[in-house]
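> Just to be clear, the model below is a prediction. Sequence and coordinates:
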Amino acid sequence: MSEKGLFTGPDESMFKSDGEVKRDGLFNGELQPIHARDFKKSREVSFWTQRAKERSKDLNEETGMLDTLLQVNLPPWAIVALMGDLHFGNPKTDYQRIEDEVLAIKDNKRVSVVLGGDLVDGFFWGGNSQSEQSANLEEQYRFLNAIFQELGGRIVVAVSGEHDSKWAAKTGIDPYVLMAEQCNAPYIRGIAEVSLNTGTQKYDLVTAHKLRGNSMYNNVHPQMRAGKELQGADIYSSHHTHRKGSSQQSVRTFGESKVVSYISGGPYKYSDDYSERSGFAKQKESQLFGHAILLNPDKKEVRISDDIISSIKRW
């Protein structure tokens with residue numbers, strides 16, 4: 001076996017690659033850099049910057065993070081489902097809807113999916129939220145694994161939200177990293193910039209769990225603000241606010257114009273203890289769930305549907 005690594009048992013099935021050994025040590029808190037220190041000897045700036053660069057390279061490689069610029073090739077007339085804020089583990093989540101959407105995506109080879117974060121509810125928020133759970137930590141972890149496994153090969157990109165990233169920070173292990181590796185899916189913390197290629201057309205997508213800004217008058221304010229701060233994309237999408245909406249506007253660019261799509265995903269839980277205490281009304285079906293977009297392969301045209309299941313059947 002030419003790959004560098006270690007045997008942890010008597011046969012080849014117990015072999016761990018060098019990267020797996022390092023990753024296990026990193027997640028278990030065992031991989032700590034050990035360096036000889038001689039503080040009596042003065043060091044130049046280049047010594048310290050070189051040491052920091054080497055450590056940074058090792059850590060970045062072992063945490064599995066990718067460049068936020070991605071190129072994805074899709075089939076003609078591709079459908080992309082935008083799903084986020086599933087909040088698996090909350091008793092007020094619509095679990096049947098999640099199951100139905102996953103099955104609809106799996107049954108149509110033209111459909112890909114963008115996972116927009118907060119796929120699990122988590123319970124590291126203190127107070128009553130710790131008891132407001134219908135699934136424990138292990139069950140939520142296994143749900144994440146099932147989502148990545150069943151949608152493997154269909155995931156354009158997954159971005160993390162504050163519920164699942166808060167979980168990662170508390171446990172010291174980010175489950176997204178391991179699961180994304182298992183199904184070869186890109187995983188981004190923060191904003192992802194993705195070029196979706198279908199037919200002769202390229203659609204530039206900016207997506208994140210949370211984009212800056214909020215407005216009581218406009219549900220797609222964060223996406224429109226992103227269009228000002230990160231200009232040039234065809235589609236801006238995010239979740240987090242639990243305020244569903246979409247808009248398409250013609251935007252003037254230098255020498256020409258184009259239609260830009262702004263999409264804010266709805267949540268898959270209709271309420272929770274926090275929203276009820278804060279005076280938010282229980283959300284109805286038209287305010288819930290994700291969107292689907294249809295990409296024209298022959299001319300620049302994005303069609304938006306506020307219902308993933310019906311749009312897959314219709315398109």
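Yep, that arrived.

> Name the nearest residue to Asn73, sequence neighbours excluded.
On the basis of CB to CB, 6 or more residues apart in numbering, the spatially nearest residue to Asn73 that is not a chain neighbour turns out to be Asn197, at 4.9 Å. Bear in mind the C-beta positions are built from the backbone N, C-alpha and C, glycine included.

> you'd agree that neighbour is up against Leu74?
Yes: assessed by CB atoms under 8 Å, Asn197 is found in contact with Leu74 at 6.5 Å.

> between those two, which one's more packed in?
Taking Asn197 and Leu74 together and counting by other CB atoms under 10 Å, Leu74 has the greater number of neighbours (20 against 15).

> measure the more buried one to Asp174 for me?
Applying CB to CB, to the nearest Å, the value for Leu74 to Asp174 is 27 Å.

> and what of Asp85?
Using CB to CB, Asp85 is found at 19 Å from Asp174.

> Show me which of those two is the more surrounded one.
Neighbours per residue (other CB under 10 Å) separate Asp85 from Asp174, with Asp85 holding more: 26 against 21.

> what about Val259, which SS state?
strand (DSSP: H, G, I helix; E, B strand; the rest coil).

> What of the one 4 residues further on?
Of the three states, Ile263 takes strand under three-state DSSP.

> residue contacts, it?
Listed by CB atoms under 8 Å, 6 or more residues apart in numbering, the contact partners of Ile263 are Leu82, Val220, Gln223, Ile235, Tyr236, Ser237, Ser238, Gly245, Ser246, His291, Ile293, Ile304.

> ok, 6 Å please
With contact set as CB atoms under 6 Å, 6 or more residues apart in numbering, Ile263 has these partners: Ser237, Ser246, His291.

> what is the residue nearest to the first one when sequence neighbours are not counted paired to in the beta sheet?
Closest residue to Ser237 apart from its sequence neighbours, by CB to CB, 6+ apart: Ile263 at 4.2 Å. On the basis of DSSP bridges, Ile263 is bridged to Ser237, Ser246.

> And the pLDDT at Ile263?
At Ile263, the predicted lDDT confidence score is 98.

> And it, how far from Asp273?
On the measure of CB to CB, Ile263 and Asp273 end up 28 Å apart.

> those strands in the stretch 51-200 of the chain, which residues are they?
For the stretch 51-200 of the chain, the strands defined by DSSP state E, counting those that start in this stretch occupy 69-73, 79-83, 111-115, 155-159, 187-188, 192-198.

> If you average pLDDT over each of those, which is lowest?
When those are compared by mean pLDDT, strand 187-188 comes last with a mean of 88.

> Tell me how far that strand lies from the chain's centre.
Centroid separation between strand 187-188 and its chain, computed with CA atoms, centre = their mean, to the nearest Å, is 6 Å.

> what does that strand contact?
Residues outside strand 187-188 that contact it (CB under 6 Å, 6+ apart) are Thr68, Val157, Ala158, Val159, Tyr176, Ala180.

> May I have the strands that pair with it, each with its orientation?
strand 155-159 (parallel).

> Next, the angle strand 69-73 makes with the strand it pairs with.
Between the axis of strand 155-159 and that of strand 69-73 there is an angle of 160 degrees, by axes from the mean of the first three to the mean of the last three CA atoms, to 10 degrees.

> Report the distance from strand 155-159 to the chain centre.
The answer for strand 155-159 is 5 Å, by CA atoms, centre = their mean.

> do stretch 47-56 as well
Put simply, stretch 47-56 sits 30 Å off its chain's centre (CA atoms, centre = their mean).

> So what's the model's average confidence on it?
Averaged across stretch 47-56, pLDDT comes to 85.

> So which bits of stretch 106-121 are buried?
By neighbour count on 16 or more other CB atoms under 10 Å, the buried set for stretch 106-121 is Arg110, Val111, Ser112, Val113, Val114, Leu115, Gly116, Gly117, Asp118, Leu119, Val120, Asp121.

> quick one: contacts for the second one?
Contact criterion CB under 6 Å, 6+ apart gives Ile79, Ile105, Ile312 as the residues in contact with Val111.

> Excluding sequence neighbours, find me the nearest residue to the second one.
In space, and not counting its chain neighbours, Ile105 is closest to Val111: 4.8 Å by CB to CB, 6+ apart.

> returning to that earlier point: for Thr253, state which of the contacts of Val111 is nearest.
Nearest to Thr253 among these is Ile79, at 26.9 Å by CB to CB.
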